[in-house]
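In: build me a structure from this.
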Amino acid sequence: MSAMKDTSLNATLNCVARWLVGLVFLFSSFVKGVDPMGTTFKIEEYMTAWSIGSVGFAWAQPLAGVLSVGLICAEFLVGMLLVTNAYRRLSAWGLVVMMIFFTITTLIDALTNKVTDCGCFGDAVKLTNWQTFWKNIALDIPTVWIFLTRNVRYKRRFERDGVVLLASLVVMMIFCLYNINHEPVIDFRPWKKGNVMMDLESNAPVRTYLVYANTATGDTVQIEASQLMQLMQQPGWKEQWEWQSSRVVDPNEIRAEGFSMLDTSGEDHAADLLPARDGLIVVTIHKLEKLDKRDAVAIRRAVRLAEENGTEIAILTSALTDEAFAWLQDNELAAVDCYFADATAIKTVMRGNPGFMYIKDATVMDKSRQPMKLSIDQL
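Out: Here you go, the predicted structure:
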């Protein structure tokens, strides 16, 4: 039974709380539903990083995809039920269970930092573990109120509520399945179509900046390393100023954290390849063992597409060197340049395995899971 009196004030506050939490849940589920594979990768990361004593969860990784869709649909359902005031008791209990789970999980994340980003808002909004935890604490307050006032001014409307429940479930499942089989309809990742991944205009050299603090006043100044020797010759400089920190500004830096294109000797060719004045098709493979003959055929089509349009092509994989070259040899692709990168960085570029990205002048021109769907007009 509800512990709160059935008053207009309590009903109004219940409505405000439901809309507040409901909209957060709808936003969270939508940005994850846009990219269910990203949530799948995050769940796999949890299964790898977490354990109870000596018992790990790596064995459950094949279930990560199902759990991803299940979590997204559950969040969306709770959000829809809250904002539409449907199945209020069911939504209140569901909300409490989910918030307890989220709060405990993010507290453990904040304390251990085993998973540095919980992925609660997908790639749309990045929060630190402590920010995520305190966000959940803030949501716990209206959650408690929603639960305590779940019976206040509530009238059962089973037919209408049933339609809301069923329609919400069907819509989100279809949305998730579509985005699993295609690249996300809204791309929040660094490699979004149209994004410029490097600055090609400045032609500026790498610069190092030093921060010094005045020992008397605490004021700080930032100077270029090339100016340091001249300043140090000034009387009293060494006594008045103390080094604090430094930073390096590289105009050739890739605007995607952790991205590289390594050859067999470990040299990174990303800064040389991405400018691609004549264009470059990058074939991404984050799980070589998952590829089949149809995938090999698709990659050979990409090779022909590159040849016909006078553009370069390169394969980027996270596989071991020997395994990658053996697979390329077996599938008549040994002549294609192959580079190596971390699986996480590759999955950030494309969710497809394989995936096909066309980049020119360091700008992402097009992306597709089928090479023949890359925009020919841009090649």
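In: I'd say Leu77 and Val164 touch.
Out: No. Counting by CB atoms under 8 Å, Leu77 stays clear of Val164, with 9.1 Å between them. C-beta coordinates here come from the backbone N, C-alpha and C atoms, glycine included.
In: more neighbours: which of these two?
Out: Using other CB atoms under 10 Å as the criterion, Leu77 and Val164 rank with Leu77 on top: 22 against 18.
In: shaky segments in the stretch 1-150 of the chain?
Out: Counting by pLDDT under 70, the stretch 1-150 of the chain contains low-confidence ranges at 1-3.
In: which non-adjacent residue is nearest Ile313?
Out: Ala306 (3.9 Å; CB to CB, 6 or more residues apart in numbering).
In: number of residues surrounding the one you found?
Out: Neighbours of Ala306 using other CB under 10 Å come to 23.
In: next: the one 4 residues further on.
Out: Counted with other CB under 10 Å, the neighbours of Gly310 add up to 9.
In: then Val31?
Out: 22.
In: work out for me the element it sits within.
Out: In this assignment (DSSP states H and E), Val31 forms part of helix 8-33.
In: point out the other helices and strands that that helix packs with.
Out: Other helices and strands packing on helix 8-33, by 3 or more CB pairs under 8 Å, 6 or more residues apart in numbering; DSSP states H and E, are helix 64-84, helix 129-148, helix 158-181.
In: try 10 Å this time
Out: helix 36-49, helix 64-84, helix 88-112, helix 129-148, helix 158-181 (3 or more CB pairs under 10 Å, 6 or more residues apart in numbering; DSSP states H and E).
In: returning to what we had before: give me the contacts around the helix or strand containing the residue nearest to Ile313.
Out: Under the criterion of DSSP H and E, Ala306 resides in helix 293-309. Identification of contacts with helix 293-309 by CB atoms under 10 Å, 6 or more residues apart in numbering yields 278-283, 285, 288, 291, 311-315, 327-328, 330-333, 335-336, 352-354, 356, 358, 368-372, 374, 376, 378-379.
In: mind giving me the ChimeraX command for buried ones among the residues you listed?
Out: To isolate the buried members of the contacts of helix 293-309 in ChimeraX, using 16 or more other CB atoms under 10 Å:
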select :279,280,281,282,283,285,288,291,311,312,313,314,315,327,328,331,333,336,352,353,354,356,358,368,369,371,374,379
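In: in strands, which of the contacts of helix 293-309 appear?
Out: Leu280, Ile281, Val282, Val283, Ile285, Glu312, Ile313, Ala314, Ile315, Phe356, Tyr358, Ser368 (DSSP state E).
In: what's the closest of these to Val31?
Out: Lowest distance from Val31 to those (CB to CB) belongs to Ser368, with 22.1 Å.
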